[in-house]
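[1] 3D model of this:
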Amino acid sequence: MTSAPSAALRGSLFGGYDPGAFYDEMFLPSANPRPHYAKLFQMLASMPPAQFDDRRNLADIAFLLQGITFTVYSDGTGTERLFPFDLIPRILPHSDWDRIERGLSQRVVALNLFLQDVYGQQRILKERKIPRSLVYSCKHFHREMIGVEVPHGIYTHICGIDLVRDSKTGEFLVLEDNVRTPSGVSYVLENRQVMMRTFPEAFQSYEVRPVHHYPTELCRILRMLSPRGEANAQVVLLTPGIYNSAYFEHSFLAQQMGVELVEGRDLIVDAGVVYMKTIHGLQRVDVIYRRVDDEYLDPLVFRPDSLMGIPGLMGAYRGGNVALANAVGNGVADDKAVCAYVPDFIRFYLGEEPILGTVETYLCSRPNDLKYVLEHLPEMVVKAVGESGGYGMLIGPASDEEKIESFRQKIQEDPRNFIAQPVVGLSRVPSYDVESKLMAGRHVDLRPYCLYDGQQVTIIPGGLTRVALQPGSLVVNSSQGGGSKDTWVLREES
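    Predicted coordinates:
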C-alpha cells in the first residue's frame, strides 16, 4: 500500500478500514482505491467526520419528509420504517455495466420466450429440456393462462433480476429473477435525487448515467399495450392499498407517470370490459399495471375470499379487452427451482451461450441433489422456492443446530419446495457504521430493473444496490435489516 492512502485510511472516515478477504468494490487488496473510486475516495477521506454525519442526517430528513418508507410484517405489527440509505455510492465502471446490460437483455428475452411457450405450444416440455412435473407442480403456474393471447406476446414487461458479485472471481452472477411484481425501483430514483442534493460536488467529478427516464419509458410501454391504441389508452396502477409494504412506491410511480392509483374496489367489470369509478361516472380502463399478486386479482378465478381483486377481471383479460402488466402466471419463471434452468432457456430459445453466469443451484426435488444438500446443510444457503424478501431461508454457517435440524425436516417433508446454493462471498462496499462513526465493509447485491416492449430491453443504469447493514450479515433485504445505496454507472472508463 502506498503511503498516501495509508495515511488517509488512518486519519479519516476510513480509519482502520480493512478490505478483508472479500472483493471490495472501492479498494484493491493492497488497500489502494480502485481507479474509478479514486476521486470519491479522496473527497471522503479529506472530509471531517462531523461534516459527513451532518450530510447523512440531512439525507435521513429528506427521506422522512418525502415519506420514503417500507413496512415490516415479520414483527407482527406491520411497522412502517424509514428506508435505510447509505451515502457511499456504489460505482460501476462502463466495462462492468456493458456486460451486465447485454447479459440481462439476453435473459429477459429468454424468460419471455419461456413464458410464451409454457402457456402456449410447450415445446420446451415436449423436448424435455425442463421436467414437466417441475413446471406443473409450481404453485405459481396457472393453467388458466394456457392459450391466452397476451398483448404483443409480452409477459415480462418489468423485471428485477438480482445479481451478486462473487468475491472469488469478481464476476457478476445471477442469483434469482423477479418477473411477477418486482419492487424497489422508486428507491433507485429517490436515492439519486437525495444523493444529488447531499453530495452535489461528487457528481461534478464523475459522468454518471441518469436514471430519471424510467417512469417515462414504463408509461410508454404500458400505453402501447392498450387494446384501443395508445392515443386513447387509459392506464391505472392497481395497489393492494395503504397497508402494503410497497405502497410508497405504488403512489410514487403513479404520480410520476401521471396515471390513476386505484384499489380493487375502484374498478368494476361490465360485459367483459373494465371500468373505473369516477365522480363523472364509469370510465373505461385499458391497461392495468398491477402490484397485486395473481392469487388476489379475481375472486371468481383465484382466491374467492380476496377483497383486493376485481370480479370478472380474468374474463376481460382473456377477451383482450384489458392488458395487465406484468402478465398473470409469470410466477412460474420466478420459482427458484425453475430459475436453475434459465441458462437452458437461453440455449434452447436463442441458440446462444449465457452471457452472465448463475449461482450454482441444487434442486432438492432431485434425489442426488437432495442427498448432497442434507449431507452439507450447515455449509449451504437453503431457500423456499416461492418465498421472497429474505423469508423462508436458512444460512447454514450462521445458523444454530436447532434451526438446521428444523430445515432438514422441512426439506425431507417437501423436497420440491426447496433449493440450496453454496454460500457466495458477496462483494463489499464501504458503508457508514453509526456506532463507530467510521466506514466499514458491508455486503451488497444489485437489482437492475429491465423494461421490455417486445423489441428492445431498456435497463435503468445501475439499479438498486441493497446493503446488509448488520456487521457480517449476507441478508440485504430491507425486511431483514438491510438498506440501499445509490448506484452509479459511469459513461466512460475513469
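
[2] which helices and strands sit right next to the longest helix along the chain?
    What stands out as the longest helix in the chain, according to DSSP state H, is helix 94-118. On a contact count with 3 or more C-beta pairs under 8 Å, 6 or more residues apart in numbering; DSSP states H and E, helix 94-118 meets helix 123-126, strand 158-165, strand 172-178, helix 331-334, helix 342-345, strand 449-452, strand 457-459. All C-beta spots, glycine's among them, are computed from the backbone N, C-alpha and C.

[3] now these in JSON lines, with mean pLDDT?
    Below are these laid out as JSON lines (pLDDT from 0 to 100):
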{"stretch": "helix 123-126", "mean pLDDT": "98"}
{"stretch": "strand 158-165", "mean pLDDT": "96"}
{"stretch": "strand 172-178", "mean pLDDT": "95"}
{"stretch": "helix 331-334", "mean pLDDT": "95"}
{"stretch": "helix 342-345", "mean pLDDT": "97"}
{"stretch": "strand 449-452", "mean pLDDT": "98"}
{"stretch": "strand 457-459", "mean pLDDT": "97"}
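
[4] Quick check: which ranges of the chain have low pLDDT?
    By pLDDT under 70, the low-scoring segments of the chain are 1-11, 69-81, 388-391, 477-481, 493-494.

[5] Recalculate using a threshold of 80.
    In the predicted model, the chain carries pLDDT under 80 at residues 1-12, 66-83, 386-392, 472-482, 492-494.

[6] Regarding it, what is its longest strand?
    Identified as the longest strand of the chain according to DSSP state E is strand 438-447.

[7] so that one versus strand 158-165, what angle?
    Interaxial angle of strand 438-447 relative to strand 158-165 (axes from the mean of the first three to the mean of the last three C-alpha atoms, to 10 degrees): 130 degrees.

[8] bridging residues for residue 262?
    As for beta bridges, residue 262 partners with residue 238 under DSSP bridges.

[9] burial count for it?
    A count of nearby residues for residue 262, using other C-beta atoms under 10 Å, gives 20.

[10] do the same with residue 94
    Counted by other C-beta under 10 Å, the residues lying close to residue 94 total 15.

[11] same check, this time on residue 274
    So residue 274, with other C-beta under 10 Å, has 26 neighbours.

[12] so how far is residue 266 from it?
    Separation of residue 274 from residue 266 (C-beta to C-beta, to the nearest Å) stands at 11 Å.

[13] list the buried ones in the longest helix of the chain?
    For helix 94-118, the neighbour count (16 or more other C-beta atoms under 10 Å) marks 96-97, 100-101, 103-118 as buried.

[14] Check stretch 341-356 too.
    Under 16+ other C-beta under 10 Å, the buried positions of stretch 341-356 are 341, 342, 343, 345, 346, 348, 349, 354, 356.

[15] just stretch 300-315 next, same as before
    Counting neighbours by 16+ other C-beta under 10 Å, one finds that the buried residues in stretch 300-315 are 301, 302, 306, 308, 309, 310, 311, 312, 313, 314, 315.

[16] what's the answer for stretch 151-168, then?
    Neighbour counts over stretch 151-168 (16+ other C-beta under 10 Å) mark 151, 154-167 as buried.

[17] Just the closest of the residues you listed to residue 55, please.
    residue 165 (26.9 Å; C-beta to C-beta).

[18] which helices and strands sit right next to the longest strand of the chain?
    Counting contacts by 3+ C-beta pairs under 8 Å, 6+ apart, strand 438-447 is packed against strand 85-92, strand 158-165, strand 172-178, strand 428-433, strand 464-467.

[19] want to throw the ones you listed into JSON lines with distance to residue 28?
    Shown next, in JSON lines, are these (distance: least, C-beta to C-beta, whole Å):
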{"stretch": "strand 85-92", "distance to residue 28": "14"}
{"stretch": "strand 158-165", "distance to residue 28": "15"}
{"stretch": "strand 172-178", "distance to residue 28": "18"}
{"stretch": "strand 428-433", "distance to residue 28": "13"}
{"stretch": "strand 464-467", "distance to residue 28": "20"}
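
[20] thinking again about what came up before, which of the buried residues of stretch 341-356 lies closest to residue 55?
    For the buried residues of stretch 341-356, the nearest to residue 55 is residue 356 (35.0 Å; C-beta to C-beta).

[21] how far away is that closest one from residue 163?
    Remark: distance between residue 356 and residue 163 (C-beta to C-beta) = 8 Å.

[22] which residues are common contacts for those two?
    Common neighbours of residue 356 and residue 163, using C-beta atoms under 8 Å, 6 or more residues apart in numbering, are 100, 172, 173, 174.

[23] What's the local residue count around the second one?
    Other residues within reach of residue 172, judged by other C-beta under 10 Å, total 23.

[24] Now it: closest residue in space, sequence neighbours ignored.
    Excluding the flanking residues, the one nearest residue 172 by C-beta to C-beta, 6 or more residues apart in numbering is residue 163, at 4.9 Å.

[25] Equivalent analysis for the first one, please.
    With C-beta to C-beta, 6+ apart as the criterion, residue 100 has its nearest non-adjacent residue at 5.8 Å, and that residue is residue 172.

[26] How about the contacts made by that neighbour?
    96, 99, 100, 103, 163, 164, 165, 166, 356, 357, 446.

[27] give the contact list for the third one.
    Under the criterion of C-beta under 8 Å, 6+ apart, the contact partners of residue 100 comprise 92, 163, 172, 356, 448.

[28] Residue 248: which of those residues is nearest?
    Out of the contacts of residue 100, the member with the shortest distance to residue 248 (by C-beta to C-beta) is residue 448, at 20.5 Å.

[29] do you know how far that closest one is from residue 360?
    Counting by C-beta to C-beta, the gap from residue 448 to residue 360 is 21 Å.

[30] Neighbour count for the two, which is higher?
    Using other C-beta under 10 Å as the criterion, residue 448 and residue 360 rank with residue 448 on top: 26 against 11.

[31] thinking the more buried one is in contact with residue 460, fair?
    Yes. Checked against C-beta atoms under 8 Å, the pair residue 448 and residue 460 is within contact range at 6.6 Å.

[32] helix, strand or coil for residue 47?
    coil (DSSP: H, G, I helix; E, B strand; the rest coil).

[33] repeat for residue 486
    Applying three-state DSSP: residue 486 is strand.

[34] in stretch 82-92, what's buried?
    83, 84, 85, 86, 87, 88, 89, 90, 91, 92.

[35] Next, format those as CSV and append distance to residue 252.
    Listed next are the buried residues of stretch 82-92 as CSV, based on distance: C-beta to C-beta, whole Å:
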residue, distance to residue 252
83, 12
84, 18
85, 15
86, 20
87, 21
88, 24
89, 21
90, 22
91, 25
92, 24
